[in-house]
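**Q** here is a sequence together with a model predicted from it:
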Amino acid sequence: MPAVSKGDGMRGLAVFISDIRNCKSKEAEIKRINKELANIRSKFKGDKALDGYSKKKYVCKLLFIFLLGHDIDFGHMEAVNLLSSNKYTEKQIGYLFISVLVNSNSELIRLINNAIKNDLSSRNPTFMCLALHCIANVGSREMAEAFASEIPRILVAGDTMDSVKQSAALCLLRLYKTSPDLVLMGEWTSRVVHLLNDQHMGVVTAAISLITCLSQKNPDEFKTCVSLAVSRLSRIVSSASTDLQDYTYYFVPAPWLSCKLLRLLQCYPPPEDGAVKGRLVECLETILNKAQEPPKSKKVQHSNAKNAILFEAISLIIHYDSEPNLLVRACNQLGQFLQHRETNLRYLALESMCTLASSEFSHEAVKTHIETVINALKTERDVSVRQRAADLLYAMCDRSNAKQIVAEMLSYLETADYSIREEMVRVLKVAILAEKYAVDYSWYVDTILNLIRIAGDYVSEEVWYRVIQIVINRDDVQGYAAKTVFEALQAPACHENMVKVGGYILGEFGNLIAGDPRSSPLVQFNLLHSKFHLCSVPTRALLLSAYIKFINLFPETKATIQEVLRCDSQIRNSDVELQQRAVEYLKLSSIASTDVLATVLEEMPPFPERESSILAKLKKKKGPGAVSVTELEDSKRESSELNGAGERGPDQSVMAASNASTPSPSADLLGIRSAAPVSTAPAGAGSLLVDVFSEAGPTASSGAVNDDGFLRDLEQPPETSDPLLVEGSGDSDSAPPSEDPAPPLSEAEELLNKFVCKNNGVLFENQLLQIGIKSEYRQNLGRMYLFYGNKTSVQFASFTTTLNVQSKPVEPLVEGGAQIQQVLNIECLTDFSDAPLLNIKFRYGGALQNLTLKLPVTINKFFQPTEMASQDFFQRWKQLSQPQQEAQKIFKANHSMDTEVIKAKLLGLGMALLDNVDPNPENYVCAGVIQTKSQQVGCLLRLEPNAQAQMYRLTLRCSKDSVSKRLCELLAQQF
């Protein structure tokens, strides 16, 4: 870049900046700026034409004023004029002003684009670089449309200078990140990949950033880069620091390029070519060997560069997970960092070892460092390092060391600060509750109760649900559990979660310890009731259920418990749930015989075999400490063998005495709400919230909706077993051709996905026929207009349409250039996953045309948006916590992650987009109710975008599992 000569210094600018700095107050500064703005405005409006130097000076002043925080509403045209100057300093100031102040909607953008085109075609490398920098800095879609096809040509041209190639590669990367649909490499792909062989290291470094980004989106198109990247990496790794003098950083050759090459290779599986793979293994071994060599410099920059390459190499080794020797060596190398004095190195070592622990090749090697990791958990000052140590302890846990690790983590938890307790419990919840390690279930019960005692506030419901499930299913541990929980409840300060566990277990198995005078029935009852007034409403409801169980187990307690149920604080309680339980239980205990009580209140049966909710959550766990799917399946299998059954949440157990209980917003721990009767009253948006999110939602009205005249004339449909009823209107009786319908087109699913978030558009088009759609939906009813257009001048004969549900034929003749219409009345009877098939047959020029499409009717079309506050949303979210009710998918973004586009698609889905609900403002949450004739299905949605990784995590929770899965499949295609 040419140096600015001494004569180019702008004295007026220097004086102005000096005046601003010398101002004693804000008012003085504003006064000086206003004076200067008036002077500049008069100069620009004056009759006398300004020379390039003056324009440059005044534009610089405007730029400085803008950077001070003041609005600039003039001077843009003068800056654009500077772009046409042949002087570097004037052109530079023009581009700088445009990059900072001109937005993509400016009326000057066309003039700017013309000036940039002139500079790109000038072949002056300095001017070309300035133009490319401006494009990258602005990065607007308009600039991408104008230059996306031009920049690749400059990048791969043989006569382009190296400095221009670097700028072109980085400029193209910027445009690809902002407008990926406009940057189409196509014919340039192979030539861009071969830039990895360029002699100029700067070009290679810039090109590899571009290739890595492109490879993540289109790995197959750029897979030839693997061999070239390995070759280039091998040359760098095997070179001495003197070979690449210009690119050696503190005795480390090309560290930035090496890291980028290793990161690029992580986009692909191990090379299939044996020679390439062997060369790559040699490179990785060399990097590991160099890490063992004594440092060539004591400066921190040297060790940082070396370690950066080492950690990227270890990440690649972990990514391949196919070289046992390298994995063990990587583990040993990381082990040396665990006691390094540099905190960042300890953190990175723990994080990498978490991933290594999940590999079958390196798991044993990781376990050898258990004492060091436990010491780190106890002594580290940095909370983030302690969190990674906790993750690593979980990851290395197996049957041989489970008791030691759990004991150490519980011991540490007692003294841990609050910033790590929640994270620790998250790990403990999964580690301890992996039943494959709990061969001794008395230890398991002790551990969970100890966990609740130490950190009860952070123990989620899944934890105490799970301990109850295991106690119910294991006869040999029930007496021990009752005795242990009875002793735990005697503590003066007892956490509410402990009361929940105690109430449930003593209500079921208190008779097993009733023989001891110290735990007689009345002592058990008095102990539980002493906690009653300190508990929340859901826990009180559970305790009332435990009391009625006591009457069945211990008839001698009947009078005492009836007295408690009879008191005003119970039967006249302000909470309807507690009041109803007290009244019903009192009546049941008064009028029912002993046999009836024994039948109604019999001991809970074992929970049916089902996957643990803890394991289900663990499968979704990502990041450090995550376990492999194989390990999860093993743990699931082992837990089934140990427990004799899987999981059924305590909230699903139903007491027959409470089948008439009404739903309450409070948590229903014994599942009494699950038997709530279906409401028959017409429900508004507010009243839907209580009932819709259970399996048995209120039945939707099947009558026609008559606001705005929508579907007013829809006749009552006949009875049918199809989930979707479609009636077609038409008056022709012509017989269709006898040929069988064609199978659906290969692109039928893709065409269907286009209409998930919209109702109108062109469904299909070829050289003969165009099919358009216009549709509207209200509750469980819909109306669709199909328009069949003849694009030719020849008549379509024997034109028929056939649906795989009820429909009527259309007009048999479609004149050339004409269009016919078919109206379909739709009713959703129940939830469905397969769209109806639409078969179209006609004769064109004597030849039969036969095609089959999927009618764009998807389950989300019957959504009714539901507005709710943040508290209501997360309460519903928590209620829909059964594993089968949730569907989740993590996927790469297929389209631009533009906020407005995402919002438009979510609104098009049919749900209500809720603002200020999610704690993370970047996330999107929605709520809605799917209306069908037979039931209503409540649905909650959470979409979490990661713009940096270009990925989404989509989570749906619905009261019906099939709906969750189908909606998740449909939506994942839209983003």
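**A** Nice, I can see it.
**Q** could I get the CA-only coordinates of stretch 203-220 as PDB?
**A** The C-alpha trace of stretch 203-220 is given here as PDB (Å, rounded to 0.1, in the frame of the first residue of the first chain):
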ATOM      1  CA  VAL A 203      -3.200 -16.200  -0.300                       C
ATOM      2  CA  VAL A 204      -3.400 -19.800   1.200                       C
ATOM      3  CA  THR A 205      -4.400 -18.400   4.600                       C
ATOM      4  CA  ALA A 206      -7.200 -16.200   3.100                       C
ATOM      5  CA  ALA A 207      -8.400 -18.900   0.800                       C
ATOM      6  CA  ILE A 208      -8.600 -21.600   3.500                       C
ATOM      7  CA  SER A 209     -11.000 -19.400   5.500                       C
ATOM      8  CA  LEU A 210     -13.300 -19.200   2.500                       C
ATOM      9  CA  ILE A 211     -13.000 -23.000   1.700                       C
ATOM     10  CA  THR A 212     -13.700 -24.000   5.300                       C
ATOM     11  CA  CYS A 213     -16.900 -22.000   5.300                       C
ATOM     12  CA  LEU A 214     -18.000 -23.400   1.900                       C
ATOM     13  CA  SER A 215     -17.100 -26.900   2.900                       C
ATOM     14  CA  GLN A 216     -19.300 -26.700   6.000                       C
ATOM     15  CA  LYS A 217     -22.300 -26.000   3.700                       C
ATOM     16  CA  ASN A 218     -21.400 -28.100   0.700                       C
ATOM     17  CA  PRO A 219     -18.900 -30.800   1.800                       C
ATOM     18  CA  ASP A 220     -19.200 -33.000  -1.300                       C
END
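**Q** now do the buried residues in it.
**A** 203-215, 217 (16 or more other Cβ atoms under 10 Å). Using the backbone N, CA and C atoms, a C-beta is placed for each residue, glycine as well.
**Q** again, but for stretch 230-245
**A** Buried-residue list, stretch 230-245, by 16+ other Cβ under 10 Å: Val230, Ser231, Arg232, Leu233, Ser234, Ile236, Val237, Leu244.
**Q** list the contacts for the fourth one?
**A** Leu233 makes contact with Ser258, Leu261, Leu262, Leu265, Leu280, Cys283, according to Cβ atoms under 8 Å, 6 or more residues apart in numbering.
**Q** recalculate using a threshold of 7 Å.
**A** By Cβ atoms under 7 Å, 6 or more residues apart in numbering, Leu233 lies in contact with Ser258, Leu261, Cys283.
**Q** now the residues you listed as JSON lines including pLDDT, distance to Met396 and neighbour count?
**A** As requested, the contacts of Leu233 are exported to JSON lines (pLDDT from 0 to 100; distance: Cβ to Cβ, whole Å; neighbours: other Cβ atoms under 10 Å):
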{"residue": "Ser258", "pLDDT": "92", "distance to Met396": "30", "neighbour count": "22"}
{"residue": "Leu261", "pLDDT": "93", "distance to Met396": "31", "neighbour count": "29"}
{"residue": "Cys283", "pLDDT": "92", "distance to Met396": "29", "neighbour count": "24"}
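**Q** need the max-distance pair from the buried residues of stretch 230-245.
**A** The largest separation in those, counting by Cβ to Cβ, is between Val230 and Leu244 at 17.6 Å.
**Q** chain center to the strand or helix carrying Glu414, what's the gap?
**A** For Glu414, the host element (DSSP states H and E) is helix 402-415. Mean-position distance between helix 402-415 and its chain equals 32 Å (Cα atoms, centre = their mean, to the nearest Å).
**Q** which elements pack onto it?
**A** Packed against helix 402-415 by the contact rule (3 or more Cβ pairs under 7 Å, 6 or more residues apart in numbering; DSSP states H and E) you find helix 370-379, helix 383-395, helix 418-432, helix 441-455.
**Q** go through those and pick out the most buried.
**A** For these, average neighbour numbers computed from mean count of other Cβ atoms under 10 Å are highest in helix 383-395, which has a mean of 24.
**Q** related to what we said a few turns ago, can you tell me which of the buried residues of stretch 203-220 lies nearest to Phe147?
**A** Leu210 (14.9 Å).
**Q** chain center to the helix or strand containing that closest one: distance?
**A** Taking DSSP H and E as the criterion, Leu210 maps to helix 201-217. Put simply, helix 201-217 sits 27 Å off its chain's centre (Cα atoms, centre = their mean).
**Q** got a list of contacts for that helix?
**A** In contact with helix 201-217 (Cβ under 7 Å, 6+ apart) are residues 162, 165-166, 169-170, 172-173, 176-177, 180, 185, 192-193, 195-196, 198, 222, 225, 232, 244, 247, 254, 256-257, 260-261, 263-264, 267.
**Q** from the residues you listed, list the buried ones, please.
**A** Neighbour counting by 16+ other Cβ under 10 Å classes 165-166, 169-170, 172-173, 176, 180, 185, 192-193, 195-196, 198, 222, 225, 232, 244, 247, 254, 256-257, 260-261, 263-264, 267 among the contacts of helix 201-217 as buried.
**Q** restricted to strands, list these.
**A** When DSSP state E defines the strands, the subset of the buried ones among the contacts of helix 201-217 inside them is empty.
**Q** remind me which residues of this protein are low pLDDT?
**A** Within the chain, the stretches with pLDDT under 70 are 1-9, 47, 104-106, 241-243, 417-439, 609-740, 804-809.
**Q** domain map for it?
**A** 10-101, 456-600, 746-854, 859-972 (the TED database).
**Q** dump these into CSV; add distance to Arg399 as well.
**A** Shown next, in CSV, are these (distance: least, Cβ to Cβ, whole Å):
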stretch, distance to Arg399
domain 10-101, 61
domain 456-600, 17
domain 746-854, 41
domain 859-972, 25
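**Q** closest to Gln404 out of the ones you listed?
**A** Once these are compared by Cβ to Cβ, domain 456-600 is nearest, at 21.0 Å.
**Q** just the terminal-to-terminal distance for the closest one.
**A** Domain 456-600 has an end-to-end distance of 33 Å (Cα to Cα, to the nearest Å).
**Q** how far does that domain sit from its chain's centre?
**A** 40 Å.
**Q** can you offset everything so residue one is 57?
**A** Noted, 57 is the first residue going forward, which turns the last one into domain 512-656.
**Q** can you check what angle separates the helix holding Glu470 from helix 439-451?
**A** 160 degrees (axes from the mean of the first three to the mean of the last three Cα atoms, to 10 degrees).
**Q** could you give me the buried positions within helix 458-471?
**A** Buried, per 16+ other Cβ under 10 Å, within helix 458-471: Ala458, Lys459, Ile461, Val462, Glu464, Met465, Leu466, Tyr468, Leu469.
**Q** same deal with stretch 96-114?
**A** If you call a residue buried by 16+ other Cβ under 10 Å, then stretch 96-114 has these buried ones: Ile96, Phe100, Gly108, Tyr109, Ser110, Lys111, Lys112, Lys113, Tyr114.
**Q** please name the nearest non-neighbouring residue to Trp244.
**A** Pro208 (4.2 Å; Cβ to Cβ, 6 or more residues apart in numbering).
**Q** list the contacts of the one you found.
**A** Contacts of Pro208 (Cβ under 7 Å, 6+ apart): Leu228, Met241, Trp244, Val248.
**Q** which of the three states applies to Ile827?
**A** Following DSSP: H, G, I helix; E, B strand; the rest coil, Ile827 is assigned to strand.
**Q** contacting residues around it?
**A** Leu819, Phe820, Leu842, Phe843, Tyr844.
**Q** could you measure from the nearest residue to Ala798 once chain neighbours are set aside over to Glu867?
**A** Excluding its sequence neighbours, the residue lying closest to Ala798 (Cβ to Cβ, 6+ apart) is Asn906, at 4.3 Å. Distance of Asn906 to Glu867, computed by Cβ to Cβ, to the nearest Å: 18 Å.
**Q** the two: who's more crowded?
**A** Higher neighbour count among Asn906 and Glu867: Glu867, with 18 against 15, using other Cβ atoms under 10 Å.
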